[in-house]
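1. here is a sequence with its predicted model. Questions after.
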Amino acid sequence: MRKSVEKREKMDEWGGIWTVKKKEVLKRYLDTYQIALKNKPFEKWYIDAFAGVGTHSSGEESDSNPFFSLDFGDEDVEQELTFRRQGSPLLALQTIPPFDRYIFIEKAVKRCAVLSSIIDEHRCGKSIDVVNKDANEYLATICDEITLRRREIRAVLFLDPYGMQVSWDSLKTVAATGVFDVWYLFPTMSVKRMLPKSARIDPSWVRRLDAVLGTSDWKSSLFVPDESRIGQIRLFAEQPDFEKVRPVCESDIEKYAVERLKSIFPFVVDEPLPLYNTRGKHIFSFVFAMSNRDKAAIRLGEKIAKHIIKINREVT
Ligand SMILES: C[S@@+](CC[C@H](N)C(=O)[O-])C[C@H]1O[C@@H](n2cnc3c(N)ncnc32)[C@H](O)[C@@H]1O
């Protein structure tokens, strides 16, 4: 039966190893979160800031993956395929108990229209806003509303950009509310691609890196002396000689991202889930962060997130 799933999957090119994993992590977290907070007197919100079209179509992210740790079993082949085809908004809508409010943000006009019509089929009386806006702009609006009611609301925010779209200012605003649990698909590979060996970086890339990392000090952390040219390094130079350095590897970029996030969030998981494509390239790091300062909430969030990351790391 498993073979037939893989065969159909190949035919349809549904989903990729990392696409499936990110959804699996998110789905598990939402289910556990809603059960854990079931009897708490908060309004629970789910915000999908890069919501997409609601489904995953063929070819978009076409790595196929034989591993799948949500155990649907042989009887549930259709369920498994359905999971793979559903985008994060539809998966979030299936959370039991449901969230009190769902907000889906999608910037592209046509994609948002498709999402809207799919959501209409799954509304079932739920409070759902589909918003055709830029995520960074609209998150500021949401955070203003939440800040006024911060004692009443707890929220999960999913940040799933294609690349370098999440601004540091947005993260700072989210962190300041004190109510969010955040799953951020940090674009490790995009950052790596913006760090050329020569360290001569296009000024527009520098601005983008500054905006995503929230500092212009990243150069001294993301470039290291090139051992192969160590003899040529000016030992007493105060400024690093950028002609004799090399960019760090993806896992060091991930560590740096975690350190940066720790500067604004009270809790960030030390070891995010690295997501690889079929060629083994580390393309994203799925980071969990909490803006809630309450120690008991952090203990619980940390335990759940670490467990989910661990089981997904094991099936890599
Ligand atoms: C990776 S896809 C989202 C996939 C979706 N989360 C899922 O799992 O089904 C990223 C989406 O973000 C949208 N997008 C890109 N930049 C955006 C921005 N600044 N604000 C809101 N949406 C944006 C893209 O049009 C695209 O649909």
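-> Nice, I can see it.
2. who does the residue nearest the centre of the chain bridge with?
-> Centrality entry for the chain: nearest residue to the mean C-alpha point is Leu185, 2.3 Å, by C-alpha atoms, centre = their mean. Beta-bridge partners for Leu185, by DSSP bridges, are Phe286.
3. in which helix or strand would I find Val130?
-> Following DSSP states H and E, one finds Val130 within strand 128-131.
4. the helix or strand containing Thr141 packs against which elements?
-> Assessed by DSSP H and E, Thr141 sits inside helix 135-148. Helices and strands touching helix 135-148, as assessed by 3 or more C-beta pairs under 8 Å, 6 or more residues apart in numbering; DSSP states H and E, comprise strand 43-48, strand 101-105, strand 153-159, helix 168-177. For the C-beta atoms, the positions are set from N, CA and C on the backbone; glycine is no exception.
5. could I get those as CSV with distance to the ligand and mean neighbour count?
-> Shown next, in CSV, are the helices and strands packed on helix 135-148 (distance: least, C-beta to the nearest ligand atom, whole Å; neighbours: other C-beta atoms under 10 Å):
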stretch, distance to the ligand, mean neighbour count
strand 43-48, 6, 23
strand 101-105, 5, 22
strand 153-159, 7, 23
helix 168-177, 10, 19
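6. with mean pLDDT added, can I get those in TSV?
-> What follows is the helices and strands packed on helix 135-148, written out as TSV (pLDDT from 0 to 100):
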stretch	mean pLDDT
strand 43-48	98
strand 101-105	98
strand 153-159	98
helix 168-177	98
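7. can you add distance to Pro247 and give the ones you listed back as TSV?
-> Listed next are those as TSV, based on distance: least, C-beta to C-beta, whole Å:
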stretch	distance to Pro247
strand 43-48	32
strand 101-105	32
strand 153-159	24
helix 168-177	20
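8. so Ala176 makes contact with Ser291?
-> Yes. Between Ala176 and Ser291 there is a contact under C-beta atoms under 8 Å: 7.3 Å.
9. what sits against the residue in the chain that the ligand sits nearest to?
-> With C-beta to the nearest ligand atom, the shortest gap between the chain and the ligand falls at Gly87, namely 2.6 Å. Taking C-beta atoms under 8 Å, 6 or more residues apart in numbering, we find Gly87 in contact with Lys23, Ala51, Gly52, Val53, Gly54, Thr55, His56.
10. pLDDT score for Arg260?
-> For Arg260, the pLDDT comes out at 98.
11. Gly231 too?
-> Gly231 is assigned a predicted lDDT (pLDDT) of 54.
12. next one: Val114
-> Among the per-residue scores, Val114 shows a pLDDT of 95.
13. any idea how far the helix or strand harbouring Trp205 is from the middle of the chain?
-> According to DSSP H and E, Trp205 maps onto helix 203-213. Distance of helix 203-213 from the chain centroid (C-alpha atoms, centre = their mean, to the nearest Å) equals 19 Å.
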